[in-house]
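The following block contains a protein sequence and its predicted model.
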Amino acid sequence: MDARSYTIGSPYTVPLAGKSGRAMIGAILHALALVSLPVLANASWGGPADLEKLSAVGLEVILEGSGMTAEGLTLGELRDQVTVLLRAKLPRLALMELGQIRGDAGLGVAVIVQKLPTGRGYYGSIEINLFRAASIEATGKFSVPSVWQQFYLLTGEPMGARARIRETLDQALTTFAADWYRGNP
């Protein structure tokens, strides 16, 4: 394997040369879906200490891909679901549009879903990141790194995608809320 391809296992090799990071992820997800993995992954980092003194976040919700057209999931519906879940789970956390944030944090929620070429399934990801302003001690430079993340890879039957996205968002935002409460008792 070299930097221009990613091998899932014989005979699945995905060409990556010339692809952007998002396109590479899409190519890898497509290959994983081809080998029919029902539940792919759940990765996370960060914890309560990374959410201390977090009183407000700018919220950015992204929906990409062709997989939700048939199910009718829209960006507006997704944004509403994320907003309602966050307000219900974290009433003390102020939510603002990303451009209106007064503080030092942004919460990004990205849902990327694609249909399989056969039309008999989907693959995708849900990623939630909290970005906070930081100063790098060694250089004194300002940065906005991701300090907390939940990441899920998904596959399944097309008619179950909408429910799976809702359930996964609820699970991820519950984890975020639990960490927030532990960091802000």
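Perfect, thanks for sending it.

can you tell me which residues contact the most centrally placed residue in the chain?
Taking CA atoms, centre = their mean, the centroid of the chain lies closest to residue 127, which sits 0.9 Å from it. The contact partners of residue 127, taken as CB atoms under 8 Å, 6 or more residues apart in numbering, are 108-110, 149-152. Yep, even glycine has a C-beta here, placed from its N, CA and C like the rest.

out of those residues, which are inside strands?
108-110, 149-152 (DSSP state E).

Please list only the buried members of these.
Buried members of those, scored by 16 or more other CB atoms under 10 Å, are 108-110, 149-152.

Let's have those in a markdown table, adding pLDDT and distance to residue 119.
Shown next, in a markdown table, are those (pLDDT from 0 to 100; distance: CB to CB, whole Å):
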| residue | pLDDT | distance to residue 119 |
| --- | --- | --- |
| 108 | 89 | 30 |
| 109 | 92 | 27 |
| 110 | 90 | 24 |
| 149 | 90 | 31 |
| 150 | 90 | 29 |
| 151 | 91 | 26 |
| 152 | 90 | 23 |
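
Strands of the protein, residue ranges please.
Counting by DSSP E, residue ranges of the strands within the chain are 5-9, 12-15, 39-45, 56-64, 94-97, 105-115, 122-132, 134-135, 142-143, 146-156.

List the buried residues for the fifth one?
Taking 16+ other CB under 10 Å as the neighbour-count basis, strand 94-97 is seen to contain the buried residues residue 95.

Show me what counts as buried in stretch 132-143.
Across stretch 132-143, burial judged by 16+ other CB under 10 Å covers residue 132.
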